[in-house]
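Colleague: fold the following and give me the result.
(one chain, ligands or ions: 2)
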Amino acid sequence: MKSDSAVEPQGPEENTPSGLRGVKNIIIVMSGKGGVGKSTVTVELALTLRSMGKKVGILDIDLCGPSIPRMFGISNQRVHQSSYGWIPVYPLADKTIALMSIGFLMNNPDEAVVWRGPKKNSLIKQLLDGVYWDDIDYLLIDTPPGTSDEHITIVEALRQYSPEGAVLVTTPQAVSVADVRREITFCRKATLPILGVVENMSGFICPNCEECTNVFSSGGGKDLAEEYAIPYLGNIPIDPELTKTLEEGGNFIEKFPDSRVASTMRTIVTNLIRDQ
Ligand SMILES: Nc1ncnc2c1ncn2[C@@H]1O[C@H](COP(=O)(O)OP(=O)(O)OP(=O)(O)O)[C@@H](O)[C@H]1O
Ligand code: SF4
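Modeller: Numbering: from 1, shown residues only. Ligands and ions are numbered 1, 2, ... in the order given. Next up, the predicted model:
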(Lines give C-alpha, C1' and ligand atoms only; values in the text may rest on other atoms or scores of the structure.)
(Ligands and ions follow the chains in the order given, each with its own letter.)
Protein backbone atom coordinates (compact mmCIF):
# COMPACT_ATOMS: atom_id res chain seq x y z
CA MET A 1 0.00 0.00 0.00
CA LYS A 2 2.73 2.42 -0.93
CA SER A 3 1.85 5.98 -1.70
CA ASP A 4 0.51 6.41 -5.15
CA SER A 5 2.03 9.77 -5.75
CA ALA A 6 1.03 9.36 -9.39
CA VAL A 7 -2.54 9.90 -8.20
CA GLU A 8 -2.53 13.66 -8.00
CA PRO A 9 -5.74 14.87 -6.40
CA GLN A 10 -7.83 16.72 -8.90
CA GLY A 11 -8.72 20.11 -7.51
CA PRO A 12 -12.20 20.57 -6.17
CA GLU A 13 -14.85 21.43 -8.67
CA GLU A 14 -16.83 24.58 -8.30
CA ASN A 15 -19.55 24.52 -5.65
CA THR A 16 -18.38 21.18 -4.24
CA PRO A 17 -18.36 20.92 -0.45
CA SER A 18 -15.13 21.62 1.45
CA GLY A 19 -13.96 21.08 5.02
CA LEU A 20 -16.20 18.70 6.91
CA ARG A 21 -19.39 19.75 5.15
CA GLY A 22 -19.27 16.95 2.59
CA VAL A 23 -18.54 14.26 5.19
CA LYS A 24 -21.57 12.06 5.88
CA ASN A 25 -20.49 10.40 9.15
CA ILE A 26 -17.83 11.42 11.67
CA ILE A 27 -16.47 8.87 14.12
CA ILE A 28 -13.91 9.72 16.81
CA VAL A 29 -11.59 6.89 17.88
CA MET A 30 -10.38 7.20 21.47
CA SER A 31 -8.50 5.16 24.06
CA GLY A 32 -7.90 5.65 27.76
CA LYS A 33 -4.26 4.56 27.50
CA GLY A 34 -1.53 4.73 24.88
CA GLY A 35 -0.41 1.68 22.96
CA VAL A 36 -3.69 -0.26 23.08
CA GLY A 37 -3.98 -0.24 19.28
CA LYS A 38 -6.16 2.82 18.65
CA SER A 39 -4.38 3.69 15.39
CA THR A 40 -4.40 0.04 14.30
CA VAL A 41 -8.15 -0.16 14.90
CA THR A 42 -8.65 3.12 13.02
CA VAL A 43 -6.72 1.84 9.98
CA GLU A 44 -8.47 -1.55 9.95
CA LEU A 45 -11.87 0.12 10.38
CA ALA A 46 -11.10 2.30 7.36
CA LEU A 47 -9.93 -0.64 5.23
CA THR A 48 -12.98 -2.70 6.24
CA LEU A 49 -15.39 0.14 5.45
CA ARG A 50 -13.62 0.49 2.10
CA SER A 51 -14.03 -3.25 1.44
CA MET A 52 -17.76 -2.68 1.96
CA GLY A 53 -17.82 -0.01 -0.73
CA LYS A 54 -17.52 3.11 1.43
CA LYS A 55 -15.31 6.12 0.80
CA VAL A 56 -13.33 6.82 3.95
CA GLY A 57 -11.17 9.60 5.37
CA ILE A 58 -8.77 9.31 8.27
CA LEU A 59 -7.77 12.40 10.21
CA ASP A 60 -4.79 11.59 12.43
CA ILE A 61 -4.53 14.15 15.20
CA ASP A 62 -2.62 11.99 17.62
CA LEU A 63 -0.09 14.61 18.64
CA CYS A 64 1.66 12.09 20.91
CA GLY A 65 2.72 10.02 17.91
CA PRO A 66 0.98 10.25 14.55
CA SER A 67 1.46 6.66 13.36
CA ILE A 68 -1.18 6.39 10.62
CA PRO A 69 1.14 7.53 7.74
CA ARG A 70 3.62 4.80 8.71
CA MET A 71 0.85 2.19 8.72
CA PHE A 72 0.09 3.11 5.11
CA GLY A 73 3.79 3.19 4.21
CA ILE A 74 3.78 6.91 3.43
CA SER A 75 5.62 8.55 6.34
CA ASN A 76 7.61 10.86 4.11
CA GLN A 77 4.62 12.25 2.27
CA ARG A 78 3.80 15.95 2.57
CA VAL A 79 0.48 17.66 1.93
CA HIS A 80 -0.13 20.81 -0.06
CA GLN A 81 -2.60 23.62 0.37
CA SER A 82 -5.11 24.56 -2.27
CA SER A 83 -7.53 27.46 -2.16
CA TYR A 84 -10.00 24.94 -0.65
CA GLY A 85 -7.63 23.87 2.10
CA TRP A 86 -5.19 21.00 2.56
CA ILE A 87 -5.57 18.28 -0.03
CA PRO A 88 -5.38 14.91 1.75
CA VAL A 89 -3.07 12.13 0.63
CA TYR A 90 -4.65 9.16 -1.15
CA PRO A 91 -2.61 6.07 -0.22
CA LEU A 92 -4.56 3.75 -2.55
CA ALA A 93 -4.75 4.11 -6.29
CA ASP A 94 -8.56 4.04 -6.37
CA LYS A 95 -8.71 7.09 -4.06
CA THR A 96 -11.22 5.38 -1.72
CA ILE A 97 -9.17 6.37 1.33
CA ALA A 98 -8.16 9.96 2.02
CA LEU A 99 -5.60 10.63 4.71
CA MET A 100 -4.59 13.72 6.61
CA SER A 101 -2.13 13.49 9.47
CA ILE A 102 -0.47 15.93 11.75
CA GLY A 103 2.66 13.90 10.80
CA PHE A 104 2.48 15.33 7.25
CA LEU A 105 3.04 18.80 8.70
CA MET A 106 5.99 18.08 10.96
CA ASN A 107 9.64 17.99 10.02
CA ASN A 108 10.52 16.15 13.17
CA PRO A 109 8.16 13.56 14.76
CA ASP A 110 8.93 14.91 18.27
CA GLU A 111 7.94 18.42 17.31
CA ALA A 112 4.30 18.31 18.42
CA VAL A 113 5.07 16.95 21.86
CA VAL A 114 6.71 20.19 22.98
CA TRP A 115 3.95 22.48 21.70
CA ARG A 116 1.95 24.24 24.33
CA GLY A 117 -1.83 24.27 24.63
CA PRO A 118 -2.82 27.24 22.43
CA LYS A 119 -0.57 26.16 19.54
CA LYS A 120 -1.85 22.59 19.73
CA ASN A 121 -5.47 23.69 19.89
CA SER A 122 -5.12 26.10 16.99
CA LEU A 123 -3.53 23.39 14.84
CA ILE A 124 -6.27 20.91 15.77
CA LYS A 125 -8.93 23.45 14.75
CA GLN A 126 -7.14 24.05 11.44
CA LEU A 127 -6.99 20.31 10.79
CA LEU A 128 -10.69 19.92 11.55
CA ASP A 129 -11.77 22.82 9.36
CA GLY A 130 -9.07 23.13 6.77
CA VAL A 131 -8.94 19.82 4.88
CA TYR A 132 -10.70 19.34 1.58
CA TRP A 133 -12.37 15.93 2.16
CA ASP A 134 -14.73 16.00 -0.77
CA ASP A 135 -17.77 13.72 -0.37
CA ILE A 136 -16.58 10.87 1.86
CA ASP A 137 -18.94 8.48 3.67
CA TYR A 138 -16.96 8.11 6.90
CA LEU A 139 -14.31 10.25 8.54
CA LEU A 140 -12.43 8.44 11.30
CA ILE A 141 -10.54 10.72 13.68
CA ASP A 142 -7.58 9.19 15.51
CA THR A 143 -7.08 11.19 18.71
CA PRO A 144 -4.29 11.25 21.33
CA PRO A 145 -4.67 8.73 24.18
CA GLY A 146 -6.47 9.77 27.36
CA THR A 147 -8.72 12.76 27.84
CA SER A 148 -7.07 16.13 27.56
CA ASP A 149 -7.66 19.70 26.48
CA GLU A 150 -7.12 18.49 22.92
CA HIS A 151 -10.15 16.22 23.21
CA ILE A 152 -12.29 19.09 24.47
CA THR A 153 -11.11 21.18 21.50
CA ILE A 154 -11.95 18.36 19.09
CA VAL A 155 -15.42 17.72 20.51
CA GLU A 156 -16.29 21.44 20.68
CA ALA A 157 -15.08 22.09 17.12
CA LEU A 158 -17.04 19.11 15.81
CA ARG A 159 -20.29 19.87 17.60
CA GLN A 160 -21.70 21.88 14.67
CA TYR A 161 -21.22 18.82 12.41
CA SER A 162 -23.09 16.45 14.78
CA PRO A 163 -20.52 13.62 14.85
CA GLU A 164 -21.96 10.11 15.13
CA GLY A 165 -19.91 9.55 18.29
CA ALA A 166 -16.87 7.81 19.72
CA VAL A 167 -15.44 4.32 19.48
CA LEU A 168 -13.47 3.44 22.61
CA VAL A 169 -10.54 1.05 22.16
CA THR A 170 -9.19 -0.91 25.08
CA THR A 171 -7.25 -4.11 25.80
CA PRO A 172 -8.01 -6.90 28.29
CA GLN A 173 -5.27 -5.56 30.59
CA ALA A 174 -6.36 -1.93 30.33
CA VAL A 175 -10.06 -2.51 30.62
CA SER A 176 -10.22 -2.48 34.39
CA VAL A 177 -8.04 0.61 34.58
CA ALA A 178 -9.61 3.91 35.57
CA ASP A 179 -8.56 5.50 32.25
CA VAL A 180 -11.31 3.76 30.29
CA ARG A 181 -13.89 4.80 32.83
CA ARG A 182 -12.60 8.37 32.65
CA GLU A 183 -13.06 8.16 28.88
CA ILE A 184 -16.68 7.12 29.30
CA THR A 185 -17.28 9.91 31.81
CA PHE A 186 -15.64 12.40 29.43
CA CYS A 187 -17.93 11.39 26.55
CA ARG A 188 -21.01 11.59 28.75
CA LYS A 189 -20.08 15.03 30.10
CA ALA A 190 -19.32 16.24 26.57
CA THR A 191 -22.62 14.70 25.34
CA LEU A 192 -20.67 12.78 22.74
CA PRO A 193 -22.51 9.52 22.00
CA ILE A 194 -20.47 6.36 22.68
CA LEU A 195 -20.85 4.11 19.65
CA GLY A 196 -19.23 1.23 21.46
CA VAL A 197 -16.21 -0.48 22.95
CA VAL A 198 -13.66 -2.53 21.00
CA GLU A 199 -11.44 -4.93 22.94
CA ASN A 200 -8.13 -5.15 21.06
CA MET A 201 -5.26 -7.62 21.66
CA SER A 202 -7.83 -10.02 23.01
CA GLY A 203 -6.12 -13.42 22.74
CA PHE A 204 -3.20 -14.42 20.53
CA ILE A 205 -3.44 -16.07 17.11
CA CYS A 206 -0.74 -18.72 16.81
CA PRO A 207 1.23 -18.24 13.60
CA ASN A 208 1.49 -22.05 13.20
CA CYS A 209 -2.01 -23.36 13.68
CA GLU A 210 -4.04 -20.13 13.84
CA GLU A 211 -5.54 -21.24 17.15
CA CYS A 212 -6.51 -18.28 19.37
CA THR A 213 -5.15 -18.49 22.91
CA ASN A 214 -6.30 -16.12 25.65
CA VAL A 215 -2.98 -15.05 27.11
CA PHE A 216 -4.72 -12.60 29.41
CA SER A 217 -8.30 -12.92 30.56
CA SER A 218 -10.58 -11.61 27.87
CA GLY A 219 -14.17 -10.45 27.93
CA GLY A 220 -13.49 -7.42 30.14
CA GLY A 221 -14.58 -5.09 27.34
CA LYS A 222 -17.93 -6.81 27.15
CA ASP A 223 -18.41 -6.60 30.93
CA LEU A 224 -17.45 -2.94 30.87
CA ALA A 225 -19.92 -2.24 28.07
CA GLU A 226 -22.65 -4.00 30.04
CA GLU A 227 -21.79 -2.13 33.22
CA TYR A 228 -22.11 1.24 31.47
CA ALA A 229 -24.93 0.19 29.14
CA ILE A 230 -22.94 1.00 26.00
CA PRO A 231 -22.68 -1.18 22.87
CA TYR A 232 -19.97 -3.83 22.69
CA LEU A 233 -18.60 -3.90 19.15
CA GLY A 234 -16.25 -6.91 19.28
CA ASN A 235 -12.82 -8.23 20.21
CA ILE A 236 -9.73 -8.30 17.98
CA PRO A 237 -7.01 -10.88 18.70
CA ILE A 238 -3.27 -10.22 18.51
CA ASP A 239 -2.21 -11.45 15.09
CA PRO A 240 1.54 -11.32 14.30
CA GLU A 241 0.62 -11.02 10.59
CA LEU A 242 -1.23 -7.80 11.41
CA THR A 243 1.82 -6.29 13.13
CA LYS A 244 3.99 -7.31 10.18
CA THR A 245 1.57 -6.03 7.54
CA LEU A 246 1.27 -2.68 9.32
CA GLU A 247 5.06 -2.39 9.53
CA GLU A 248 5.22 -2.94 5.77
CA GLY A 249 2.44 -0.43 5.11
CA GLY A 250 0.23 -3.15 3.61
CA ASN A 251 -3.52 -3.72 3.42
CA PHE A 252 -4.24 -6.53 5.92
CA ILE A 253 -7.95 -6.78 5.10
CA GLU A 254 -7.20 -7.37 1.41
CA LYS A 255 -4.24 -9.66 2.10
CA PHE A 256 -5.92 -11.86 4.73
CA PRO A 257 -9.68 -11.62 4.09
CA ASP A 258 -10.34 -14.98 5.80
CA SER A 259 -8.38 -14.21 8.97
CA ARG A 260 -9.98 -13.91 12.38
CA VAL A 261 -8.99 -10.23 12.51
CA ALA A 262 -10.65 -9.47 9.15
CA SER A 263 -13.88 -11.28 10.04
CA THR A 264 -13.95 -9.58 13.45
CA MET A 265 -13.45 -6.21 11.77
CA ARG A 266 -16.43 -6.90 9.49
CA THR A 267 -18.55 -7.71 12.56
CA ILE A 268 -17.39 -4.53 14.31
CA VAL A 269 -18.14 -2.38 11.27
CA THR A 270 -21.54 -4.02 10.78
CA ASN A 271 -22.35 -3.33 14.45
CA LEU A 272 -21.07 0.20 14.06
CA ILE A 273 -22.97 1.25 10.98
CA ARG A 274 -26.17 -0.65 11.70
CA ASP A 275 -27.95 2.41 13.02
CA GLN A 276 -26.43 4.92 10.60
N1 LIG B 1 -4.55 -6.81 17.22
C2 LIG B 1 -3.26 -6.60 17.00
N3 LIG B 1 -2.46 -7.62 16.54
C4 LIG B 1 -1.15 -7.42 16.33
N5 LIG B 1 -0.51 -6.27 16.55
C6 LIG B 1 -1.24 -5.21 16.99
C7 LIG B 1 -2.64 -5.33 17.24
N8 LIG B 1 -3.09 -4.12 17.66
C9 LIG B 1 -2.03 -3.29 17.68
N10 LIG B 1 -0.91 -3.94 17.29
C11 LIG B 1 0.47 -3.40 17.23
O12 LIG B 1 0.72 -2.75 18.50
C13 LIG B 1 1.47 -1.56 18.32
C14 LIG B 1 0.70 -0.36 18.93
O15 LIG B 1 -0.47 -0.15 18.19
P16 LIG B 1 -1.01 1.31 17.84
O17 LIG B 1 0.09 2.18 17.36
O18 LIG B 1 -2.19 1.11 16.99
O19 LIG B 1 -1.47 1.77 19.30
P20 LIG B 1 -2.06 3.20 19.75
O21 LIG B 1 -3.01 2.92 20.84
O22 LIG B 1 -2.57 3.94 18.58
O23 LIG B 1 -0.75 3.89 20.28
P24 LIG B 1 -0.52 5.46 20.65
O25 LIG B 1 -0.81 5.53 22.08
O26 LIG B 1 0.92 5.65 20.33
O27 LIG B 1 -1.44 6.27 19.81
C28 LIG B 1 1.69 -1.42 16.82
O29 LIG B 1 2.97 -1.93 16.52
C30 LIG B 1 0.64 -2.32 16.18
O31 LIG B 1 1.07 -2.86 14.96
S1 SF4 C 1 -1.39 -22.92 19.28
FE2 SF4 C 1 -0.95 -24.86 18.26
S3 SF4 C 1 0.81 -24.54 16.88
FE4 SF4 C 1 0.58 -22.77 18.24
S5 SF4 C 1 2.01 -23.22 19.86
FE6 SF4 C 1 0.03 -23.94 20.57
S7 SF4 C 1 -0.09 -26.05 19.90
FE8 SF4 C 1 1.64 -25.15 18.81
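Colleague: what about residue 209, how many residues nearby?
Modeller: As a burial measure, residue 209 scores 7 neighbours (other CB atoms under 10 Å). C-betas here are computed from N, CA, C, even on glycine.
Colleague: and residue 172, by the same measure?
Modeller: Residue 172 has 21 neighbouring residues, counting by other CB under 10 Å.
Colleague: and for the one 3 residues further on?
Modeller: Using other CB under 10 Å as the criterion, residue 175 is surrounded by 25 other residues.
Colleague: now do residue 161
Modeller: 15.
Colleague: thought it was touching residue 25?
Modeller: No. Applying CB atoms under 8 Å, one finds residue 161 not in contact with residue 25, separated by 10.0 Å.
Colleague: which stretches of the stretch 51-200 of the chain form strands?
Modeller: Using DSSP state E, counting those that start in this stretch, the strands of the stretch 51-200 of the chain run over 56-60, 80-82, 85-87, 97-101, 138-142, 165-170, 194-199.
Colleague: between the fourth one and strand 56-60, how big is the angle?
Modeller: In this structure, strand 97-101 runs at an angle of 10 degrees to strand 56-60, with axes from the mean of the first three to the mean of the last three CA atoms, to 10 degrees as the basis.
Colleague: residue contacts, the residue lying closest to residue 205 once chain neighbours are set aside?
Modeller: Computed as CB to CB, 6 or more residues apart in numbering, the closest residue to residue 205 that is not its neighbour in sequence is residue 239, at 4.5 Å. Contacts for residue 239 (CB atoms under 8 Å, 6 or more residues apart in numbering) come out as 205, 259, 260, 261.
Colleague: and those, which is closest to ligand 1?
Modeller: residue 261 (6.4 Å; CB to the nearest ligand atom).
Colleague: element containing that closest one?
Modeller: Taking DSSP states H and E as the criterion, residue 261 maps to helix 260-273.
Colleague: mind giving me the packing neighbours of that helix?
Modeller: If you count contacts as 3 or more CB pairs under 8 Å, 6 or more residues apart in numbering; DSSP states H and E, helix 260-273 packs onto helix 38-51, strand 194-199, strand 232-235, helix 252-255.
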